[in-house]
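[1] sequence plus predicted model, see below.
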Amino acid sequence: MAIDRRQQVIEAAEKSFALFGYKATTMDQVAKIANVGKGTIYTFFTNKEELFDEILRSVIMEMKRITETEVSENKSFFENVYHSMDLLLEFRREHELLIKLFQEVRDFGTPQAREGLQRIEDEILRYLEGKVARAAQRGEIRALDPKVVSFVMFKLYIALTSEWNKREEPLSKEQIKEFVRMFLAGGLSPE
């Protein structure tokens, strides 16, 4: 069976970025982890930034796959949103690369790590925006600007699941869902 060197390099790079962060990862480290020569990496990727972009693309695709397999037309808009957000936040919390990127942004403010996390957040917001627009078309929620609604929903959920924990005892998933329901459902419910 032939070895997929490109995939081997990607997996090694993801491991290196997860262990050392963007800033401290070098092509030499990736080559060592992949057990290939550095030149092999350059046959697939021109630089570290391109390799990082490829990894971010695969992370975003995995997040989309996870949510799309769990969203159901038989569930209400809010049930799908709650479930999708739970899945995405668990994915983000458990994915080593994302954890390291959050730490790197917090500790060093590395621009590439910040930009990578911004790309992921933008994809989540785009996904939510589509779901909000569709729910408005179906009359499940009020027809408000989907970009604004998506942003508020996402930031509220992040605030309750992450920011709150830095100040107070963490809320349970059920408590978070209840607060999101109270804050958003009343304002988005069709009149």
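    Structure's in. What do you need?
[2] hey, let's count contacts and neighbours off CA atoms from now on
    Fine.
[3] pick out the residue nearest the middle of the chain.
    For the chain, the residue nearest the mean C-alpha position is residue 120 (4.6 Å; CA atoms, centre = their mean).
[4] give me the element that one is part of.
    Element membership of residue 120, judged by DSSP states H and E, is helix 111-137.
[5] packing partners of that helix?
    Judged by 3 or more CA pairs under 8 Å, 6 or more residues apart in numbering; DSSP states H and E, the packing partners of helix 111-137 are helix 48-70, helix 77-94, helix 96-108, helix 146-158.
[6] residue 46 in helix, strand or coil?
    coil (DSSP: H, G, I helix; E, B strand; the rest coil).
[7] tally of neighbours for it?
    10 (other CA atoms under 10 Å).
[8] what do you get for residue 30?
    Neighbour tally, residue 30, other CA under 10 Å: 25.
[9] if I look at the residue nearest to the centre of the chain, how far off is residue 113?
    11 Å (CA to CA, to the nearest Å).
[10] circling back to that earlier point, list the buried residues of the helix holding residue 120.
    Within helix 111-137, the residues scored as buried using 16 or more other CA atoms under 10 Å are 112-114, 116-117, 119-120, 123-126, 128-129, 131-136.
[11] before we move on, what about stretch 77-89?
    77, 78, 80, 81, 82, 84, 85, 86, 87, 88, 89.
[12] repeat that for stretch 49-57.
    51, 52, 54, 55, 56.
[13] for stretch 92-109, same thing?
    Neighbour-count burial for stretch 92-109 flags 92, 97, 98, 100, 101, 102, 104, 105 (criterion: 16+ other CA under 10 Å).
[14] among the residues you listed, which one sits closest to residue 39?
    residue 97 (24.3 Å; CA to CA).
[15] how close does the closest residue to the closest one other than its chain neighbours sit to residue 31?
    Leaving out its chain neighbours, the residue that sits closest to residue 97 by CA to CA, 6 or more residues apart in numbering is residue 18, at 4.0 Å. Applying CA to CA, the value for residue 18 to residue 31 is 15 Å.
[16] separation between the nearest residue to residue 70 once chain neighbours are set aside and residue 53?
    Nearest non-adjacent residue to residue 70, counting by CA to CA, 6+ apart: residue 84, 7.2 Å away. According to CA to CA, residue 84 and residue 53 sit 24 Å apart.
[17] pLDDT below threshold where in this structure?
    Along the chain, the parts satisfying pLDDT under 70 run over 1-2, 185-191.
[18] how does it look with 50?
    Judged by pLDDT under 50, the chain has no weakly predicted residues.
[19] count residues in the vicinity of residue 12, would you?
    So residue 12, with other CA under 10 Å, has 20 neighbours.
[20] the one 5 residues further on now?
    Burial of residue 17, expressed as a neighbour count using other CA under 10 Å, amounts to 25.
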